[in-house]
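# this is a predicted model, with the sequence first.
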Amino acid sequence: MTAPPTPILKLTDIHKSYNVGTPVETEVLHGITLALREAEFVALKGPSGSGKSTLLNIIGLLERPTAGTLEIADQQTQSLDDAGLTRLRGATIGFVFQFHHLLPAFTALENVLLPSIIGHGTATPEAEALARELLARVGLKGAESKRPGELSGGMQQRVRLRGRCRSGPG
């Protein structure tokens with residue numbers, strides 16, 4: 001029997017409080033422990049105000065937990081500075097926000113290439129080929145030169161999905 005794959009995301013006893021040390025200190029996460037492996041699919045649900053967005057912000061390295069440990073792709077995050085968190089986020093994490101946050105002046109292809117352009121100063125031919133492949137994988141072959149305003153909401157979401165995977169051009 002083979003061991004299960006190593007988790008790509010591991011949270012251990014995560015707590016998050018706001019207004020720490022004040023009379024209105026509020027703990028919104030109370031000891032979350034979770035491990036996710038590659039290709040697992042999970043849904044996070046709960047009532048408004050239950051801490052879903054806070055948990056996603058912590059997983060996305062946008063906020064730090066008050067206590068507990070977070071490990072992403074075998075990397076402990078507690079001791080990373082902002083630059084280290086940014087590098088890890090860019091290399092491992094992708095978000096699909098409710099709002100697409102695509103740059104309206106750029107084409108679908110250029111929006112996909114942005115992480116590569118920001119990270120490397122240019123879009124290499126390899127990054128462009130991969131970006132085109134990723135757009136094709138999500139059903140957007142032929143839409144590379146369209147701007148976000150020319151795409152449906154679902155198409156815009158797929159442009160955001162494209163390259164934030166590990167193999168993406170970022």
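Arrived safely.
# residues contacting the residue sitting furthest away from the middle of the chain?
Relative to the mean C-alpha coordinate of the chain, counting by Cα atoms, centre = their mean, the farthest residue is Pro23 (33.4 Å). Going by Cβ atoms under 8 Å, 6 or more residues apart in numbering, Pro23 touches no other residue. Backbone N, C-alpha and C define where each C-beta goes, glycine included.
# quick one: the helices in the protein?
Remark: helices assigned in the chain by DSSP state H are 52-59, 82-92, 108-120, 125-137, 153-162.
# need those in CSV (columns: distance to Lys16).
Converted to CSV, these look like this (distance: least, Cβ to Cβ, whole Å):
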stretch, distance to Lys16
helix 52-59, 5
helix 82-92, 16
helix 108-120, 27
helix 125-137, 33
helix 153-162, 26
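# relative to Val28, which of those is closest?
Minimum separation from Val28 across these (Cβ to Cβ) falls at helix 52-59, 5.3 Å.
# give me the distance from that closest one to the chain's centre.
11 Å (Cα atoms, centre = their mean, to the nearest Å).
# can I get that helix in CSV? Just the C-alpha atoms.
Extracted as CSV, the C-alpha positions of helix 52-59 are listed here (Å, rounded to 0.1, in the frame of the first residue of the first chain):
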residue,chain,number,x,y,z
LYS,A,52,-14.4,32.2,5.1
SER,A,53,-12.7,35.2,3.5
THR,A,54,-10.3,35.5,6.3
LEU,A,55,-9.3,31.8,5.9
LEU,A,56,-8.8,32.3,2.2
ASN,A,57,-6.8,35.4,2.8
ILE,A,58,-4.5,33.4,5.1
ILE,A,59,-4.2,30.5,2.6
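# per-residue confidence averaged over it?
Average pLDDT, helix 52-59: 92.
# same check on stretch 88-98?
76.
# distance-wise, check the spatially most central residue of the chain relative to Pro115.
Central residue of the chain (Cα atoms, centre = their mean): Gly94, 2.5 Å from the mean position. Between Gly94 and Pro115 the computed distance is 10 Å (Cβ to Cβ, to the nearest Å).
# give me the below-cutoff pLDDT ranges for the chain.
95-100, 162-170 (pLDDT under 70).
# how is it carved up into domains?
The record, using automatic domain parsing to delimit domains, assigns the chain the ranges 9-92, 108-162.
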